[in-house]
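Enquirer: here's a sequence, model it:
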Amino acid sequence: MKKKQKPIVETLAKPKPLTTRTAKLLRDEGHAWYHVLRYEWIYLLMLAIGVTTLIVFWDPLPPRTLGIAVGREGTSDGVYGEKLVSFFAEHGVKLNLTYTEGGKQPIAVMRREDSIQSALVLGGLHKKHELTNVWSLGSSQYEPLWVFYRADTLVGDEPTVYFAKTGIAIGEPGSGSNTIVHQILASGRKESPIKAKFIEWPYLKSVDALLAGEINALAAVDGIDSPIIKRLLADPNIKIANFTFAPAFAKRLPHLDLVSIPRGSLTTEPPDPATDINMVATSLTLVVQKDLHPALQLLFLMAIDHLGDSRDQFFARPDEFPSYKDSTIPLTLVFKDAKGVESKLELKVPVSTAPVHAH
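Expert: Residues are numbered from 1 along each chain as shown. Alright, predicted model coming up:
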(Lines give C-alpha, C1' and ligand atoms only; values in the text may rest on other atoms or scores of the structure.)
Protein backbone atom coordinates (compact mmCIF):
# COMPACT_ATOMS: atom_id res chain seq x y z
CA MET A 1 0.00 0.00 0.00
CA LYS A 2 1.42 3.30 -1.15
CA LYS A 3 1.81 6.12 1.31
CA LYS A 4 -0.02 9.38 0.52
CA GLN A 5 2.29 12.24 -0.24
CA LYS A 6 1.92 15.30 1.92
CA PRO A 7 0.76 18.31 -0.08
CA ILE A 8 3.39 20.95 -0.69
CA VAL A 9 2.45 24.30 0.86
CA GLU A 10 3.64 26.27 -2.12
CA THR A 11 1.07 24.59 -4.32
CA LEU A 12 -1.78 25.53 -1.96
CA ALA A 13 -1.24 29.34 -1.41
CA LYS A 14 1.19 30.88 -3.78
CA PRO A 15 1.41 34.69 -3.13
CA LYS A 16 0.35 36.96 -5.95
CA PRO A 17 2.83 39.47 -7.39
CA LEU A 18 2.90 42.96 -5.84
CA THR A 19 1.72 44.65 -9.02
CA THR A 20 -1.28 42.36 -9.22
CA ARG A 21 -2.28 43.06 -5.62
CA THR A 22 -1.84 46.82 -6.11
CA ALA A 23 -3.94 46.78 -9.24
CA LYS A 24 -6.69 44.86 -7.46
CA LEU A 25 -6.60 47.30 -4.53
CA LEU A 26 -6.89 50.30 -6.81
CA ARG A 27 -9.70 48.62 -8.72
CA ASP A 28 -11.62 47.96 -5.50
CA GLU A 29 -11.07 51.56 -4.30
CA GLY A 30 -12.22 52.98 -7.60
CA HIS A 31 -15.30 50.77 -7.52
CA ALA A 32 -16.11 51.99 -4.00
CA TRP A 33 -15.69 55.68 -4.95
CA TYR A 34 -17.83 55.10 -8.02
CA HIS A 35 -20.71 53.95 -5.84
CA VAL A 36 -20.15 56.86 -3.42
CA LEU A 37 -20.25 59.43 -6.21
CA ARG A 38 -23.21 57.71 -7.84
CA TYR A 39 -25.44 57.55 -4.80
CA GLU A 40 -24.03 60.29 -2.46
CA TRP A 41 -23.05 63.00 -4.96
CA ILE A 42 -25.61 65.49 -3.68
CA TYR A 43 -24.05 65.44 -0.19
CA LEU A 44 -20.52 65.82 -1.57
CA LEU A 45 -21.64 68.78 -3.69
CA MET A 46 -23.23 70.45 -0.66
CA LEU A 47 -20.02 69.88 1.31
CA ALA A 48 -17.89 71.45 -1.44
CA ILE A 49 -20.19 74.48 -1.65
CA GLY A 50 -20.11 74.90 2.12
CA VAL A 51 -16.31 74.76 2.32
CA THR A 52 -15.95 77.25 -0.56
CA THR A 53 -18.44 79.64 1.04
CA LEU A 54 -16.65 79.39 4.37
CA ILE A 55 -13.29 80.24 2.80
CA VAL A 56 -14.70 83.19 0.84
CA PHE A 57 -16.78 84.83 3.58
CA TRP A 58 -14.97 83.74 6.73
CA ASP A 59 -11.67 84.97 5.35
CA PRO A 60 -9.44 82.86 7.60
CA LEU A 61 -6.19 83.81 5.82
CA PRO A 62 -4.97 87.42 5.63
CA PRO A 63 -3.96 88.86 2.26
CA ARG A 64 -0.26 89.10 1.49
CA THR A 65 -0.50 92.57 -0.07
CA LEU A 66 -2.09 95.81 1.10
CA GLY A 67 -1.59 99.55 0.64
CA ILE A 68 -0.97 102.59 2.83
CA ALA A 69 -1.31 106.29 1.98
CA VAL A 70 1.16 108.72 3.58
CA GLY A 71 2.25 112.34 3.20
CA ARG A 72 4.86 113.75 0.88
CA GLU A 73 7.98 111.85 -0.05
CA GLY A 74 10.94 113.26 1.87
CA THR A 75 8.87 114.25 4.91
CA SER A 76 8.71 112.52 8.27
CA ASP A 77 5.44 110.85 7.19
CA GLY A 78 7.17 109.35 4.18
CA VAL A 79 10.15 108.21 6.24
CA TYR A 80 7.86 106.49 8.76
CA GLY A 81 5.89 104.84 5.95
CA GLU A 82 9.16 103.43 4.55
CA LYS A 83 9.95 101.96 7.97
CA LEU A 84 6.54 100.26 8.01
CA VAL A 85 7.21 98.82 4.55
CA SER A 86 10.47 97.29 5.80
CA PHE A 87 8.81 95.85 8.91
CA PHE A 88 6.01 94.25 6.90
CA ALA A 89 8.50 92.79 4.42
CA GLU A 90 10.31 91.07 7.30
CA HIS A 91 7.02 89.35 8.16
CA GLY A 92 6.24 88.24 4.62
CA VAL A 93 3.66 90.92 3.76
CA LYS A 94 4.05 93.46 0.94
CA LEU A 95 2.98 96.96 1.98
CA ASN A 96 2.60 99.26 -1.03
CA LEU A 97 3.40 102.90 -0.22
CA THR A 98 1.43 105.72 -1.86
CA TYR A 99 2.70 109.28 -1.37
CA THR A 100 0.22 112.18 -1.29
CA GLU A 101 0.34 115.94 -0.73
CA GLY A 102 -0.27 115.37 2.98
CA GLY A 103 -2.97 117.01 5.11
CA LYS A 104 -6.31 115.31 4.47
CA GLN A 105 -5.12 113.68 1.27
CA PRO A 106 -4.11 110.29 2.75
CA ILE A 107 -7.68 109.69 3.96
CA ALA A 108 -9.13 110.87 0.65
CA VAL A 109 -6.86 108.50 -1.27
CA MET A 110 -7.69 105.59 1.04
CA ARG A 111 -11.41 106.16 0.46
CA ARG A 112 -10.93 106.41 -3.29
CA GLU A 113 -8.59 103.48 -3.92
CA ASP A 114 -9.72 99.95 -3.03
CA SER A 115 -6.12 98.74 -2.92
CA ILE A 116 -5.30 101.13 -0.04
CA GLN A 117 -6.65 100.04 3.35
CA SER A 118 -4.59 102.21 5.73
CA ALA A 119 -3.22 105.73 6.09
CA LEU A 120 -1.03 107.96 8.24
CA VAL A 121 -2.88 111.12 9.29
CA LEU A 122 -2.05 114.12 11.46
CA GLY A 123 -4.06 114.72 14.61
CA GLY A 124 -6.46 117.64 14.66
CA LEU A 125 -7.21 117.76 10.94
CA HIS A 126 -10.53 115.94 11.14
CA LYS A 127 -13.53 116.70 13.30
CA LYS A 128 -15.01 114.16 15.69
CA HIS A 129 -17.22 111.59 13.94
CA GLU A 130 -16.07 112.92 10.56
CA LEU A 131 -14.15 109.74 9.78
CA THR A 132 -16.40 106.71 9.38
CA ASN A 133 -15.53 103.11 8.57
CA VAL A 134 -11.99 103.52 9.93
CA TRP A 135 -10.27 102.59 13.18
CA SER A 136 -7.37 104.29 14.89
CA LEU A 137 -4.52 101.98 15.85
CA GLY A 138 -2.93 104.76 17.87
CA SER A 139 -0.39 107.50 17.33
CA SER A 140 3.17 106.64 16.41
CA GLN A 141 5.29 109.81 16.80
CA TYR A 142 5.24 113.58 17.39
CA GLU A 143 5.28 116.06 14.53
CA PRO A 144 5.92 119.60 15.85
CA LEU A 145 4.73 122.89 14.41
CA TRP A 146 7.98 124.55 13.34
CA VAL A 147 8.21 128.28 12.68
CA PHE A 148 11.45 129.02 10.85
CA TYR A 149 12.44 132.62 10.17
CA ARG A 150 15.27 134.73 8.75
CA ALA A 151 14.73 137.94 10.72
CA ASP A 152 17.33 138.93 13.31
CA THR A 153 14.75 139.59 16.02
CA LEU A 154 11.36 138.22 16.93
CA VAL A 155 9.13 140.77 18.65
CA GLY A 156 6.51 139.55 21.13
CA ASP A 157 5.77 136.28 22.86
CA GLU A 158 3.81 134.61 20.09
CA PRO A 159 5.61 133.94 16.77
CA THR A 160 2.45 132.99 14.86
CA VAL A 161 0.87 136.34 15.74
CA TYR A 162 4.00 138.32 14.89
CA PHE A 163 4.66 136.65 11.56
CA ALA A 164 0.97 136.57 10.64
CA LYS A 165 1.19 140.38 10.59
CA THR A 166 4.50 140.54 8.73
CA GLY A 167 4.02 137.61 6.36
CA ILE A 168 4.47 133.83 6.72
CA ALA A 169 4.07 130.76 4.51
CA ILE A 170 1.71 128.31 6.21
CA GLY A 171 1.16 125.67 3.54
CA GLU A 172 -1.82 124.92 1.34
CA PRO A 173 -5.40 124.95 2.72
CA GLY A 174 -6.15 121.67 4.48
CA SER A 175 -2.50 120.97 5.29
CA GLY A 176 -1.38 120.33 8.86
CA SER A 177 0.53 123.59 9.25
CA ASN A 178 -2.27 125.67 7.72
CA THR A 179 -4.88 124.09 9.98
CA ILE A 180 -2.90 124.34 13.22
CA VAL A 181 -1.79 127.95 12.62
CA HIS A 182 -5.43 128.98 12.17
CA GLN A 183 -6.42 127.01 15.29
CA ILE A 184 -3.71 128.74 17.37
CA LEU A 185 -4.65 132.21 16.16
CA ALA A 186 -8.31 131.53 16.99
CA SER A 187 -7.44 130.14 20.43
CA GLY A 188 -7.92 132.40 23.44
CA ARG A 189 -8.09 135.71 21.58
CA LYS A 190 -10.28 138.51 22.94
CA GLU A 191 -9.27 141.21 20.48
CA SER A 192 -10.40 141.58 16.88
CA PRO A 193 -9.13 139.09 14.29
CA ILE A 194 -5.64 139.63 12.88
CA LYS A 195 -5.28 140.88 9.34
CA ALA A 196 -2.97 138.05 8.46
CA LYS A 197 -0.54 137.99 5.56
CA PHE A 198 -0.57 134.30 4.88
CA ILE A 199 1.27 132.73 1.96
CA GLU A 200 -0.47 129.48 1.08
CA TRP A 201 2.19 127.87 -1.10
CA PRO A 202 3.03 124.16 -1.34
CA TYR A 203 5.46 122.96 1.31
CA LEU A 204 8.53 122.44 -0.88
CA LYS A 205 8.05 125.74 -2.71
CA SER A 206 7.90 127.58 0.63
CA VAL A 207 11.04 125.85 1.89
CA ASP A 208 12.99 126.79 -1.23
CA ALA A 209 11.72 130.37 -0.99
CA LEU A 210 12.81 130.67 2.65
CA LEU A 211 16.28 129.27 1.92
CA ALA A 212 16.61 131.64 -1.03
CA GLY A 213 15.58 134.68 1.05
CA GLU A 214 12.38 135.29 -0.92
CA ILE A 215 10.21 135.02 2.23
CA ASN A 216 11.06 135.65 5.88
CA ALA A 217 9.05 132.99 7.75
CA LEU A 218 7.68 129.49 7.27
CA ALA A 219 5.34 127.33 9.38
CA ALA A 220 5.58 123.58 8.84
CA VAL A 221 4.33 120.43 10.57
CA ASP A 222 6.98 117.76 10.14
CA GLY A 223 9.19 115.45 12.17
CA ILE A 224 12.76 116.24 13.06
CA ASP A 225 13.94 113.22 11.06
CA SER A 226 12.52 114.72 7.88
CA PRO A 227 15.20 115.48 5.24
CA ILE A 228 13.40 118.78 4.60
CA ILE A 229 13.64 119.84 8.25
CA LYS A 230 17.29 118.80 8.29
CA ARG A 231 17.95 121.14 5.35
CA LEU A 232 16.45 124.05 7.28
CA LEU A 233 18.29 123.20 10.50
CA ALA A 234 21.59 123.06 8.61
CA ASP A 235 21.27 126.65 7.32
CA PRO A 236 22.97 129.05 9.81
CA ASN A 237 20.76 131.92 8.60
CA ILE A 238 17.54 130.14 9.59
CA LYS A 239 16.29 130.30 13.18
CA ILE A 240 13.63 128.35 15.09
CA ALA A 241 10.95 130.38 16.85
CA ASN A 242 10.25 129.71 20.52
CA PHE A 243 6.57 129.37 21.51
CA THR A 244 6.32 131.08 24.89
CA PHE A 245 2.63 130.18 25.16
CA ALA A 246 3.09 126.59 24.01
CA PRO A 247 1.80 125.14 27.33
CA ALA A 248 -1.35 127.26 27.00
CA PHE A 249 -1.97 126.08 23.44
CA ALA A 250 -1.53 122.47 24.53
CA LYS A 251 -4.21 123.04 27.18
CA ARG A 252 -6.66 124.73 24.83
CA LEU A 253 -6.25 122.38 21.87
CA PRO A 254 -6.46 118.74 23.05
CA HIS A 255 -4.79 117.28 19.94
CA LEU A 256 -1.61 119.26 20.65
CA ASP A 257 1.23 118.34 23.01
CA LEU A 258 4.10 120.37 24.41
CA VAL A 259 7.56 119.41 23.14
CA SER A 260 10.92 121.13 23.42
CA ILE A 261 14.40 121.25 21.97
CA PRO A 262 16.80 121.67 24.92
CA ARG A 263 19.73 124.04 24.64
CA GLY A 264 22.67 122.40 22.90
CA SER A 265 20.76 119.27 21.90
CA LEU A 266 21.57 119.70 18.19
CA THR A 267 25.22 120.70 18.71
CA THR A 268 27.04 121.53 21.92
CA GLU A 269 29.94 123.60 20.52
CA PRO A 270 28.64 126.11 19.76
CA PRO A 271 25.38 125.31 21.56
CA ASP A 272 22.56 124.91 19.10
CA PRO A 273 19.95 125.98 19.92
CA ALA A 274 21.37 128.68 22.14
CA THR A 275 18.34 128.50 24.46
CA ASP A 276 15.58 126.00 25.16
CA ILE A 277 12.87 126.10 22.51
CA ASN A 278 9.29 125.18 23.32
CA MET A 279 6.93 124.12 20.57
CA VAL A 280 3.55 122.46 20.17
CA ALA A 281 3.24 119.20 18.30
CA THR A 282 0.49 117.08 16.88
CA SER A 283 0.83 113.32 16.46
CA LEU A 284 0.98 110.98 13.50
CA THR A 285 -1.87 108.47 13.73
CA LEU A 286 -2.23 105.18 11.91
CA VAL A 287 -5.78 104.48 10.72
CA VAL A 288 -7.11 101.37 8.98
CA GLN A 289 -10.39 100.35 7.43
CA LYS A 290 -12.67 98.60 9.87
CA ASP A 291 -12.89 95.49 7.69
CA LEU A 292 -9.12 95.08 7.40
CA HIS A 293 -8.13 91.55 8.39
CA PRO A 294 -7.47 91.35 12.17
CA ALA A 295 -4.08 89.71 11.61
CA LEU A 296 -2.93 92.71 9.56
CA GLN A 297 -4.25 95.15 12.17
CA LEU A 298 -2.20 93.34 14.79
CA LEU A 299 0.82 93.40 12.50
CA PHE A 300 0.44 97.18 12.19
CA LEU A 301 0.28 97.45 15.96
CA MET A 302 3.40 95.31 16.30
CA ALA A 303 5.15 97.61 13.83
CA ILE A 304 4.37 100.91 15.57
CA ASP A 305 5.15 99.34 18.94
CA HIS A 306 8.52 98.16 17.60
CA LEU A 307 9.30 101.56 16.07
CA GLY A 308 8.10 103.35 19.20
CA ASP A 309 10.62 101.40 21.29
CA SER A 310 13.53 102.62 19.18
CA ARG A 311 15.76 105.31 20.65
CA ASP A 312 15.83 107.49 17.53
CA GLN A 313 12.62 109.38 18.33
CA PHE A 314 13.86 112.82 19.33
CA PHE A 315 10.78 114.14 21.15
CA ALA A 316 9.12 111.01 22.57
CA ARG A 317 9.77 109.54 25.96
CA PRO A 318 10.91 105.90 26.00
CA ASP A 319 8.01 103.52 25.38
CA GLU A 320 5.58 106.42 24.89
CA PHE A 321 4.27 105.18 21.56
CA PRO A 322 1.93 103.77 20.43
CA SER A 323 -0.58 105.84 22.39
CA TYR A 324 -4.10 107.13 21.81
CA LYS A 325 -3.71 110.88 21.38
CA ASP A 326 -6.20 111.84 18.66
CA SER A 327 -9.62 111.11 20.16
CA THR A 328 -11.45 112.33 17.04
CA ILE A 329 -10.87 108.91 15.44
CA PRO A 330 -12.51 105.90 17.16
CA LEU A 331 -10.07 103.42 18.64
CA THR A 332 -10.42 99.70 18.10
CA LEU A 333 -10.02 98.02 21.48
CA VAL A 334 -10.88 94.40 20.71
CA PHE A 335 -9.74 92.23 17.83
CA LYS A 336 -11.29 88.94 16.78
CA ASP A 337 -9.14 86.45 14.96
CA ALA A 338 -10.35 83.97 12.37
CA LYS A 339 -11.53 81.60 15.12
CA GLY A 340 -13.49 84.31 16.89
CA VAL A 341 -11.03 84.58 19.78
CA GLU A 342 -10.88 88.12 21.17
CA SER A 343 -7.70 89.94 22.11
CA LYS A 344 -7.51 93.42 23.62
CA LEU A 345 -5.50 96.27 22.19
CA GLU A 346 -3.71 98.17 24.92
CA LEU A 347 -2.34 101.64 24.20
CA LYS A 348 -0.82 104.26 26.44
CA VAL A 349 -3.19 107.12 27.21
CA PRO A 350 -1.53 110.49 27.84
CA VAL A 351 -2.07 111.80 31.35
CA SER A 352 0.09 114.89 31.32
CA THR A 353 0.95 117.89 29.17
CA ALA A 354 4.44 118.22 30.65
CA PRO A 355 7.19 119.10 28.17
CA VAL A 356 8.56 116.24 26.13
CA HIS A 357 12.31 116.69 25.83
CA ALA A 358 14.79 114.99 23.60
CA HIS A 359 16.40 111.96 25.18
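Enquirer: all helices of the stretch 1-150 of the chain, in order?
Expert: Ranges of helices within the stretch 1-150 of the chain are 9-12, 18-58, 76-90, 105-112, based on DSSP state H, counting those that start in this stretch.
Enquirer: of those, which is nearest Ile329?
Expert: Distance to Ile329, taken as C-beta to C-beta, is lowest for helix 105-112 among these, at 9.8 Å. Placement of C-beta: from N, CA and C, glycine included.
Enquirer: what's in contact with that closest one?
Expert: 69-71, 98, 100, 116-121, 126, 131, 134, 174, 287, 289 (C-beta atoms under 8 Å, 6 or more residues apart in numbering).
Enquirer: burial count for the nearest residue to Pro322 once chain neighbours are set aside?
Expert: Residue nearest to Pro322 in three dimensions, not counting chain neighbours: Gly138, with 3.6 Å by C-beta to C-beta, 6 or more residues apart in numbering. Using other C-beta atoms under 10 Å, Gly138 has 28 other residues around it.
Enquirer: quick one: Gly138 from Gln289, how far?
Expert: Using C-beta to C-beta, to the nearest Å, one gets 16 Å for the distance from Gly138 to Gln289.
Enquirer: could you do Leu97 as well?
Expert: To Gln289, Leu97 is 17 Å away according to C-beta to C-beta.
Enquirer: which one's more surrounded, those two?
Expert: The residue with more neighbours, out of Leu97 and Gln289, is Gln289; 18 against 15, by other C-beta under 10 Å.
Enquirer: list the residues that contact the more buried one.
Expert: Residues near Gln289 by C-beta under 8 Å, 6+ apart: Met110, Gln117, Ser118, Asn133, Val134, Trp135.
Enquirer: next: Tyr162.
Expert: Tyr162 neighbours (C-beta under 8 Å, 6+ apart): Leu154, Val155, Gly156.
Enquirer: that one - that's part of a helix, no?
Expert: Yes. Residue state for Tyr162 (DSSP: H, G, I helix; E, B strand; the rest coil) corresponds to a helix.
Enquirer: domain assignment for this structure?
Expert: 16-58, 144-281 (automatic domain parsing).
Enquirer: figure out how far the longest one is from the centre of its chain.
Expert: Taking the mean of its C-alpha atoms, domain 144-281 sits 25 Å from the chain's own mean (C-alpha atoms, centre = their mean, to the nearest Å).
Enquirer: below-threshold pLDDT in this structure: ranges please.
Expert: Where the chain drops to pLDDT under 70, the residues are 1-18, 36, 54-60, 189-193, 309-312, 332-359.
Enquirer: quick test: name the residue nearest the centre of it.
Expert: Closest residue to the average C-alpha location of the chain: Leu286 at 3.4 Å, with C-alpha atoms, centre = their mean.
Enquirer: who are the neighbours in contact with the nearest residue to that one once chain neighbours are set aside?
Expert: In space, and not counting its chain neighbours, Leu286 is closest to Leu137: 4.6 Å by C-beta to C-beta, 6+ apart. Leu137 is in contact with Thr285, Leu286, Val287, Val288, Gln297, Phe300, Leu301, Ile304, Pro322, Leu331, Thr332, Leu345, counting by C-beta under 8 Å, 6+ apart.
Enquirer: correct me if wrong: the fourth one contacts Gln117.
Expert: Yes. Under the contact definition of C-beta atoms under 8 Å, Val288 touches Gln117, with a separation of 6.1 Å.
Enquirer: what touches both of these two?
Expert: Counting by C-beta under 8 Å, 6+ apart, the common neighbours of Val288 and Gln117 are Leu296.
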